[in-house]
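Trainee: sequence and predicted structure below; questions after.
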Number of protein chains: 2
Amino acid sequence: MSTGEFDLIDHAFRKKATFIHRATQLANGDDASVHAIPAGFELVLSTDMSVAGIHWPLDFPLKDAACRAVNAALSDLAAMGAEACWVWCCAALADVAAGEEMGDGVARALKNRAIELAGGDTVHAPINSLSVTVSGIVPEGSAMRRDAACAGDGVWLCGNAGLAAFALQRWQQGSRSGQETSAFQQVRPLLNEGIVLRKAGVRCCIDVSDGLLADAGHLADASGVGIEIETGSVPGFDALCRFLPRDEAAQLALTGGEDYALLFTAAMNLGDELTPLATCIGRCTAGAGVRATLEGRPIELKQQGYDHFA
Amino acid sequence: MSTGEFDLIDHAFRKKATFIHRATQLANGDDASVHAIPAGFELVLSTDMSVAGIHWPLDFPLKDAACRAVNAALSDLAAMGAEACWVWCCAALADVAAGEEMGDGVARALKNRAIELAGGDTVHAPINSLSVTVSGIVPEGSAMRRDAACAGDGVWLCGNAGLAAFALQRWQQGSRSGQETSAFQQVRPLLNEGIVLRKAGVRCCIDVSDGLLADAGHLADASGVGIEIETGSVPGFDALCRFLPRDEAAQLALTGGEDYALLFTAAMNLGDELTPLATCIGRCTAGAGVRATLEGRPIELKQQGYDHFA
């Protein structure tokens, strides 16, 4: 075979990310990859798709977009408390150059991490997009989930909310200052933090991808509880207030997506181990739905989160 | 939450395919799904992307396209001899109606099979596409692979070659006769056949997605052997000869992709169990590369397989 497609797959992706996980039995290059799951562990798997012009601006560097897409997918494993092991990437590419850039971005996301690029697919398409499947392992029965919150629990955030959405606004307004746009350009999945939470006994967690209120709503609905959030406590809100009026800052902190913070529930009095990792932003109630306040007063929101089909 | 996106995911996909695999610990609806892999088994995983206008004609029914994409992905598990367990679908949708159609197609592919739709993602995009991740299990160390062929082995085909490409040509020429176009419209992944081959001791197998010669080339390269194929023996060639001149029939049988037959190597004298399943179409040699003959004479080919970037 000497067709461009297969050479491209090799060059742009496989050869740039060569780490092989210890549990892999048959790596990238066959019809499928084969992996041993250690005894006492379960498989955790998630898949996400990102499309140019929808999930990243058309003038955004493809390398950053691909790196971002992989890190965003890994954030789902962080929310489960899983050890990330493998990534598979399906890249739809407008041209070969796009493949090179996306391959660089995928490799950058995996660099210095014990995560294998275990396979994927490279296809020609009119528009660039990247589908990322991520998988890892978790001790049996210990995965954090959305449906384990109880009334009376505290609601905690590990990471910030709203800063990525603000950075994206700045990019769309023309800023190319790394300082102003880095919160959107660079996603750090909180993998180590997720494992620490899980080991400390946290049972209920979700990553904040759609927006704080939207994802809190997913967690509340799955668990059958209500959630109250005090916006003034949300990490990121104070930083936004330095640039925006307080009500706009509150909107962004509550509805801006793509920060990939971890929202979890636990006792109101968190142990010494977790206290440095997280901030209490509210509590679970016996009701339903999510309510937000700012300094104790209810907030009216324009929208709860990003909706592709709104 | 009452956003259109999440309702769409629920309605178009999740609610149409509700089977839960016995090994699933946490199903569709969380940040990730969680699965137990039985002791003594390994995880097998593959991922594929299909794009409107590239992998299926723009006037092809989306329901058929999605069903086809899932079945094509499952064919990779067939080639490994794996038991298919789980599917995750990332759908990029131009509109909500596309989501309904694709959801119907995914559900049709999984109907009457013990395969779970374990998760996925639904995003808005200018062009419809579907990324499918499939996973299954195989007894430790027994997955069929591309790199296990030996000089002297017979080369066998389970299924046909060329008929899907011919059916696609007929579709593109305007035929909407189910009889003429069904070989492209309907893919049957040879999952049971793959398991029978693996249990009978076959070690080397690939599915024919890119075209018989292209995929034979992958197998030959990975195994470090040459392969000789006699086109007159290829299942599908005689059927093509009823409609096409012999040299055109040979081209299609050797280079037409998307039939999802299983190409495997085994002793020239196959046992009673496998003989009804497969046809000997050639042999492995001590050389390299793939050569095709027709009634013993070498064939010159226009192209070896489909190349997205040619």
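Mentor: Alright, I've got the coordinates. Residues are numbered from 1 along each chain as shown, chains lettered A, B, ... in the order given.
Trainee: in the sheet, who's paired with the closest residue to A:G159 other than its chain neighbours?
Mentor: Of all residues not flanking A:G159 in the chain, A:A261 sits nearest, at 2.9 Å (Cβ to Cβ, 6 or more residues apart in numbering or on different chains). The C-beta positions use only the backbone N, C-alpha and C, and glycine is treated the same way. Counting by DSSP bridges, A:A261 forms beta bridges with A:V208.
Trainee: break chain A down into its domains, please.
Mentor: Per the record, chain A has its domains at A:4-139, A:154-296, by automatic domain parsing.
Trainee: what is the mean pLDDT for the first one?
Mentor: Translated: domain A:4-139. The average pLDDT within domain A:4-139 is 93.
Trainee: which residues in the stretch 101-250 of chain A form strands?
Mentor: Secondary structure of the stretch 101-250 of chain A (DSSP state E, counting those that start in this stretch): strands at A:116-124, A:129-139, A:154-158, A:204-208, A:226-230.
Trainee: now render those strands as CSV, adding mean neighbour count.
Mentor: Shown next, in CSV, are the strands of the stretch 101-250 of chain A (neighbours: other Cβ atoms under 10 Å in any protein chain shown):
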stretch, mean neighbour count
strand A:116-124, 24
strand A:129-139, 28
strand A:154-158, 24
strand A:204-208, 27
strand A:226-230, 21
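Trainee: so which of those strands gets nearest B:S182?
Mentor: strand A:116-124 (24.3 Å; Cβ to Cβ).
Trainee: is it true that A:K15 lies in a strand?
Mentor: No. Assessed with DSSP: H, G, I helix; E, B strand; the rest coil, A:K15 is helix; it does not lie in a strand.
Trainee: look up how far A:N28 lies from it.
Mentor: Distance, A:K15 to A:N28, using Cβ to Cβ, to the nearest Å: 10 Å.
Trainee: neighbour count: those two, which is higher?
Mentor: A:N28 (20 against 11; other Cβ atoms under 10 Å in any protein chain shown).
Trainee: next, the contact list for the more buried one, please.
Mentor: Taking Cβ atoms under 8 Å, 6 or more residues apart in numbering or on different chains, we find A:N28 in contact with A:14, A:116-120.
Trainee: for A:W56, same thing?
Mentor: Contacts of A:W56 by Cβ under 8 Å, 6+ apart are A:50, A:64-65, A:68.
Trainee: now, which of the residues you listed lie within helices?
Mentor: Applying DSSP state H to these, the entries found in helices are A:64-65, A:68.
Trainee: that older thread, deepest-packed of the domains of chain A, please.
Mentor: Greatest average neighbour count among those goes to domain A:4-139 (a mean of 22), per mean count of other Cβ atoms under 10 Å in any protein chain shown.
Trainee: what residues does the stretch 151-300 of chain A put near chain B?
Mentor: Proximity of the stretch 151-300 of chain A to chain B (Cβ under 8 Å from any Cβ of the partner chain) is limited to residues A:205-207, A:214, A:217-218, A:221-222.
Trainee: give me phi/psi at the residue nearest to A:V196 when sequence neighbours are not counted?
Mentor: Once flanking residues are discounted, A:V196 sits nearest to A:L277: 6.5 Å by Cβ to Cβ, 6+ apart. For A:L277, the backbone dihedrals (degrees, to the nearest 10) come out as phi -90, psi -20.
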